[in-house]
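Enquirer: Whatever this is, show me its structure:
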Amino acid sequence: MNVELRHARVVTAIDRAGSISKAAVELSLPQSSLTAQLRRIEKAVGGELFVRTRSGVTPTPLGERLIPMLADLTRQADLVIAEATAYTSDVFRFGNTEWTPPSLRAVLQAALPVAEVRTETLDPATAVAAVRGGALDAALVTGTPGTASAGHLEPPLSGAVVVREPVWLAVPPRHPLAGRSVADVRDLAGLRWIRYARGHWFHPIEKQLFARVAGDDPEVLHHVDGHHEAMNWVRDADAAALTTPTGATREVTLVPIRDTERTELLLVWRGDVLTESMRRGLLETVRRYYRDYARTIPRYWPWITDHPGDFAELGPFGPTAP
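Expert: Numbers count the residues shown, from 1 in each chain. A predicted model of the protein is given here:
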């Protein structure tokens, strides 16, 4: 029996899972079948690769030598498959949180070597699940910094921070705070508010900021399920709302908040789907698009250029861009 790629995947899965039973679940195989496969593989390589215990498995001395080589074999094979499929696939499926401008699809279409880019707007958790399950090739998701960071994504998912956005105040153009160059947290007290529904991704971020308002018992007119609905209520109900600058519309006025909370915009992809060159190109494209979109938002681009340390992820595509 020759050692084949499928055998390397079996050994790698067992080592990663730490037990045959957990690996069987991951591979969708009966435990007895996986055990039999492992025995045949061990016979082929001339010795046991794992020591079986009640708590799981640990590599034998032979396993310690061979398992890293088999894991590297699977990684190299995945790269070959990804490279081959990346340039033969007709469709690239991309998810985005909150809302998706048509211009984003156009930019992705121009940058990616595929026949068609299809975009879809999803909440962050659903988008991540869709990438994990293969329904999407990549997605932009938002959340609290750290909770959705690349270090918290489990294989086969990978990710990179695109930018960390500040949370600002949105008010009607004639609101008393509209002319302020910056507002303090204490200025939020006493306003009539549009807030976010408990299930919305922005709710915990909003809650953190409101917790810092002394004696906070705000008057809330309505709970919304998205930034654009919030902006409509701000405009029509003469109220205030919290938002990211890119979540605002032209009908409202944005006011920066001093020492505000931040959100994290994360690009997520499957490591076995995108090649390294496609990943770099996609991340560069998204960051360039964010830079160009930020230029269209009153007050935001000057803020970015005045606070380059807060937007380090934009690199040469941010404050230093001409």
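Enquirer: show me where pLDDT drops low in the chain?
Expert: 1, 28, 78-89, 147-152, 214-216, 316-322 (pLDDT under 70).
Enquirer: quick one: which helix or strand includes the residue nearest the centre of it?
Expert: Centroid-nearest residue in the chain, with C-alpha atoms, centre = their mean: Leu266, separated by 3.4 Å. For Leu266, the element it lies in under DSSP states H and E is strand 262-270.
Enquirer: returning to what we had before: does the residue nearest to the centre of the chain really touch Thr144, like I thought?
Expert: No. Leu266 lies out of contact with Thr144 (C-beta atoms under 8 Å); the separation is 10.9 Å. Where you see a C-beta, it was placed from the backbone N, CA and C, and this is true even at glycine.
Enquirer: what is in contact with those two at once?
Expert: When C-beta atoms under 8 Å, 6 or more residues apart in numbering defines a contact, no residue borders Leu266 and Thr144 alike.
Enquirer: what comes up buried for stretch 237-246?
Expert: Within stretch 237-246, the residues scored as buried using 16 or more other C-beta atoms under 10 Å are Ala239, Ala240, Ala241, Leu242, Thr243, Thr244, Pro245, Thr246.
Enquirer: Look up the closest residue to the first one, ignoring the ones flanking it.
Expert: Once its chain neighbours are removed from consideration, Ala239 has its nearest residue in Arg192; the separation is 4.6 Å (C-beta to C-beta, 6 or more residues apart in numbering).
Enquirer: Val252: how many residues sit nearby?
Expert: 24 (other C-beta atoms under 10 Å).
Enquirer: I'd say it and Arg235 touch.
Expert: Yes. Using C-beta under 8 Å, Val252 makes contact with Arg235 at a distance of 5.9 Å.
Enquirer: Need the residues touching each of those two.
Expert: Counting by C-beta under 8 Å, 6+ apart, the contacts common to Val252 and Arg235 are Pro172.
Enquirer: Can you name the next helix or strand after the host helix or strand of Thr74?
Expert: Using DSSP H and E, the element containing Thr74 is helix 61-86. With elements assigned by DSSP H and E, the helix or strand that comes after helix 61-86 is strand 91-96.
Enquirer: CA atoms only: put that next one into PDB for me.
Expert: Provided in PDB are the C-alpha atoms of strand 91-96 (Å, rounded to 0.1, in the frame of the first residue of the first chain):
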ATOM      1  CA  VAL A  91     -18.100  32.900 -10.100                       C
ATOM      2  CA  PHE A  92     -16.600  34.600  -7.000                       C
ATOM      3  CA  ARG A  93     -19.200  34.800  -4.200                       C
ATOM      4  CA  PHE A  94     -18.600  37.700  -1.800                       C
ATOM      5  CA  GLY A  95     -20.600  38.700   1.400                       C
ATOM      6  CA  ASN A  96     -20.800  42.000   3.100                       C
END
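Enquirer: Residues contacting it, please?
Expert: Contacts of strand 91-96 (C-beta under 8 Å, 6+ apart): 104-105, 108, 112, 114-122, 127, 130-131, 135-141.
Enquirer: Show the contacting residues for Val131.
Expert: Gly95, Asp137, Ala138, Ala139, Leu157, Val268, Trp269, Arg270.
Enquirer: So what does the fifth one have for phi and psi?
Expert: Right, the one you point to is Leu157. phi -80, psi 150 (degrees, to the nearest 10).
Enquirer: Repeat that for the third one.
Expert: Backbone dihedrals for Ala138, given as degrees, to the nearest 10, come out at phi -160, psi 160.
Enquirer: Burial check on the closest residue in space to Gly46 that isn't next to it in sequence, number of neighbours?
Expert: Leaving aside its chain neighbours, Gly46 sits nearest to Leu62 (7.7 Å; criterion: C-beta to C-beta, 6+ apart). Under the neighbour criterion other C-beta under 10 Å, Leu62 is assigned a count of 15.
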